[in-house]
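Chemist: kindly generate the corresponding structure for this input.
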Amino acid sequence: MLDSAQVKGAVRKAVAAITGFMLVLVLLIALLVTGFYLLIQAAIMALSPIVGEAGAMAVVGFGCVLLLAVFFRQMMSAGSPPKQRDVKGAGAGSTVDELRELIREYPLESALTAFAAGIVQQGDSRLKSLLLQGGMELMKRTETAPEAASSDQEPQSGPPPG
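Modeler: Okay, here's the model as predicted:
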């Protein structure tokens with residue numbers, strides 16, 4: 001049974017870890033913002049003799065807006081449309097080939113699944129197989145989600161179900 005001193009010690013350690021993490025996060029953000037500020041000031045000072053101070057500020061400001069626009073455009077773009085898979089026979093492709101194709105198409109999900117499988121590798125083998133099954137299902141779900149959304153938008157012909 002846990003006594004009060006052990007619980008208090010664990011709670012103190014948890015609070016200290018969270019506080020330390022938040023402090024490190026705030027300091028890193030402050031360093032990042034300061035670095036951007038100094039970089040912008042250096043660009044303004046370098047361009048001032050060429051185009052004047054106001055022109056340098058305009059050029060640097062336009063560059064910053066352009067970088068932000070490119071960044072947010074990349075974040076908001078849908079990317080390439082998902083590939084249409086050819087329906088293969090039961091024995092046409094091996095499981096290894098299918099896994100390689102899934103890893104190429106979904107590298108982030110594959111890496112997360114592999115990381116989680118590596119953590120539980122020493123433990124229960126049933127948990128490992130369940131985790132791999134879940135990763136495969138997640139990749140299949142992300143593949144079928146755009147197809148389901150496009151089929152929902154198409155008008156259905158025929159009598160309504162009922």
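Chemist: so where's this structure shaky on pLDDT?
Modeler: Under the criterion pLDDT under 70, the flagged ranges of the chain are 1-2, 78-93, 117-124, 127-128, 131, 142-143, 145-162.
Chemist: which SSE is immediately downstream of the longest helix seen in the chain?
Modeler: The longest helix of the chain (DSSP state H) is helix 4-76. Sequence order places helix 95-105 as the next helix or strand after helix 4-76, per DSSP states H and E.
Chemist: from the contact counts, what lies against that next one?
Modeler: Other elements packing on helix 95-105 under the criterion 3 or more CB pairs under 8 Å, 6 or more residues apart in numbering; DSSP states H and E are helix 125-153. In this view, the C-beta of every residue, glycine as well, is placed from N, C-alpha and C.
Chemist: how does the protein divide into domains?
Modeler: 13-71, 95-147 (automatic domain parsing).
Chemist: export those domains as JSON lines, with columns for mean neighbour count and distance to Ser77.
Modeler: What follows is the domains of the chain, written out as JSON lines (neighbours: other CB atoms under 10 Å; distance: least, CB to CB, whole Å):
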{"stretch": "domain 13-71", "mean neighbour count": "11", "distance to Ser77": "11"}
{"stretch": "domain 95-147", "mean neighbour count": "13", "distance to Ser77": "14"}
